[in-house]
Structures are given as C-alpha cells and as structure tokens.
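J.: predicted structure and sequence below. I'll ask about it afterward.
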Amino acid sequence: MVRQTDGTGPRLVVLDFDGTLADSFDWFCSVMNGVAARYRFRQVEAHEVEGLRLQGARAIVAYLGIPRWKLPLIARHMHRLAARDAAQIALFPGVPEMLAGIRQAGVPMAVLSSNRADTVRRVLGPDNAAHIDAYACGASLFGKARRLRKLLARRGVAPAQALCVGDEIRDLEAARAVGCPFGAVAWGYTDPQALAAQGPEHLFSKPQEIARLLAGAPAHMPRLAPGTTLAPLPLPNGS
Ligand SMILES: O=C(O)COP(=O)(O)O
C-alpha cells in the first residue's frame, strides 16, 4: 500500500509517458516496420503483436534481432518520428482529469520518459503540462533507473516516498532498482497479466484510480477475505 505508516501519501508521482499518459501504441505500430527496414531488424506481422505485448523490452529487442549498439540510433530515429507526428498522438481518455485530481490532492508530479521532453509537452498540451513539476526525459531504453535516482535526489524525495506509474516491465524494473513502489497501468503497451505477474504494488485499470488513491480516498477495491481468488484480468483483445 502506498500510503505511509504515518498516514501521509507519496511525495512525488513519477509518470511514464508512452502507454501511460499517451495513447501512442497504434502510432508506434504504424512506424515500426519502416524503422525495421531502415535499421535492418525483423519486421513484425500483425499476428505477432499480442505475443510481444506479453514480453519485456529485453525479450522484444532479442526477438527482433537488434544488437545493443543499434538501440540508441533506433531510439533517436523513433523519437524524431514521434516529434514529427506529435499532433497525431493523443492522451488516453481520463488522463487530463487524473492529472488535475493528483494536482488537487497536492502531490507533485514528474514525467520520466525515454521520449523527448518537447514531444511530451506538445502531446500533453499547455493545460496538462502545467500540472507537471519536473521532466526527466530522453532516458535510454534501459536507463530509466539512473534518471529516476537523479530525479529523486534533485527533489529530495526518498524512493519509498515516491510512486512510479508505468506500463512496461522496464518501468517496473527501474522502480525496483531504485526502491520505489510501482503502480502498473492496464491500458498501455504491455499486457496487464504480464505486468501483474511481476508483482507491482498496484495495478490500475483506469486513470481515475490513480488520482483516487493519491487523494487518500477509501480503498477503491474492497479488501479481499483470505483465500479469495481473483478472476483473471481481461486480455487486451477482450478474450
Ligand atoms: O518513446 C519511448 O521510447 C518510450 O517512451 P516512455 O519511456 O515514455 O514509455
């Protein structure tokens, strides 16, 4: 549970961008095979997508046959394309209200992303960007832990007093490496069951659940009696 034993909630919410705030997966898929052709890695067919959403970034990079040295080049190119196409990328429904709710709860927010800060700000738009107190953008694919550590140090927040929120296993791994509680979102790039299997502290199914938790509202999910089994989480394809 994220609320501290002294009754105070987190002192900083660290939000991932793509797949957490920004609904960019369809855009990502629309450019991916062009990038694969340019950088000579395996193209992905539609029937492979659901399987890849079960995997972490390391397994995906291996599956696509991308050598480590090419990753920064590919990421830079992808981020240039994202900047070009920023006008086509929208926030998930409920995200503006979530940001306003967290702001109202008085908890500062930061965005921690591999994407570029200028793209993040453009997709957020001025009203939403005004809620964000800090940006830690341009992290390398597997470099989020280092950026997170620096962000927390800069803001004087202990890891246990922050809440990281993200949609990918690499987001969860970065939070774990630094010692932050992690809330996984069920609407992003990675399949919610694959995220749940990693044992995040929270699994959010709607943006408003994050704001409610931070507002200290009574637990939005009833406490489970010992021995209760949970129904399986819905898969993104609705099966
Ligand atoms: O643009 C990317 O590479 C992913 O960005 P994210 O870190 O916000 O998920």
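T.: Everything's here; your move.
J.: rest of the way, CA atoms for contacts and neighbours
T.: OK.
J.: run through this structure and note the low-pLDDT ranges.
T.: 1-8, 217-239 (pLDDT under 70).
J.: would you map out the domains in it?
T.: With domains defined by automatic domain parsing, the chain comprises 12-23+90-214, 25-88.
J.: most tightly surrounded among these?
T.: By mean neighbour count, with neighbours taken as mean count of other CA atoms under 10 Å, domain 12-23+90-214 ranks first of those at a mean of 20.
J.: can you get me the start-to-end distance on that one?
T.: Its first and final residues considered, domain 12-23+90-214 spans 10 Å by CA to CA, to the nearest Å.
J.: so stretch 88-107, near the ligand or not?
T.: No: figure legend: stretch 88-107 not in contact with the ligand (CA under 6 Å from any ligand atom); closest approach 11.9 Å.
J.: how long is that stretch end to end?
T.: Note: stretch 88-107 ends 30 Å apart using CA to CA.
J.: now stretch 124-144
T.: End residues of stretch 124-144 are separated by 20 Å (CA to CA).
J.: ok, residues contacting that stretch?
T.: 71-72, 75, 91, 96, 99-100, 103, 108-117, 121, 147-148, 151, 170-171, 174 (CA atoms under 8 Å, 6 or more residues apart in numbering).
J.: show me these that map onto helices.
T.: Assignment to helices by DSSP state H places the following of these there: 71-72, 75, 96, 99-100, 103, 117, 121, 147-148, 151, 170-171, 174.
J.: closest one to N33 out of those residues, please.
T.: A75 (13.8 Å; CA to CA).
J.: ok, the closest one - contacts?
T.: S140, L141.
J.: mind doing that once more with 10 Å?
T.: V35, L81, S114, N115, G138, S140, L141 (CA atoms under 10 Å, 6 or more residues apart in numbering).
J.: please report how far D118 lies from A136.
T.: From D118 to A136 the distance is 12 Å (CA to CA).
J.: now P96
T.: 20 Å.
J.: next: G101.
T.: Counting by CA to CA - G101 and A136 are separated by 22 Å.
J.: which parts of the protein sit against the ligand?
T.: So the chain meets the ligand at D16, F17, D18, S113, S114, N115 (CA under 6 Å from any ligand atom).
J.: which of these lies closest to D26?
T.: The closest of those, once distances to D26 are taken by CA to CA, is D18, at 11.1 Å.
J.: now the closest one: closest residue in space that isn't a chain neighbour?
T.: S24 (6.0 Å; CA to CA, 6 or more residues apart in numbering).
J.: would you confirm that the one you found contacts L81?
T.: No: the criterion here is CA atoms under 10 Å, and S24 misses it with L81 at 12.0 Å.
J.: contacts only, for the residue nearest the centre of the chain.
T.: In the chain, the centroid-proximal residue (CA atoms, centre = their mean) is G166; its distance is 2.5 Å. Listed by CA under 10 Å, 6+ apart, the contact partners of G166 are 14-21, 112-113, 172, 175, 182-190, 195, 203-204.
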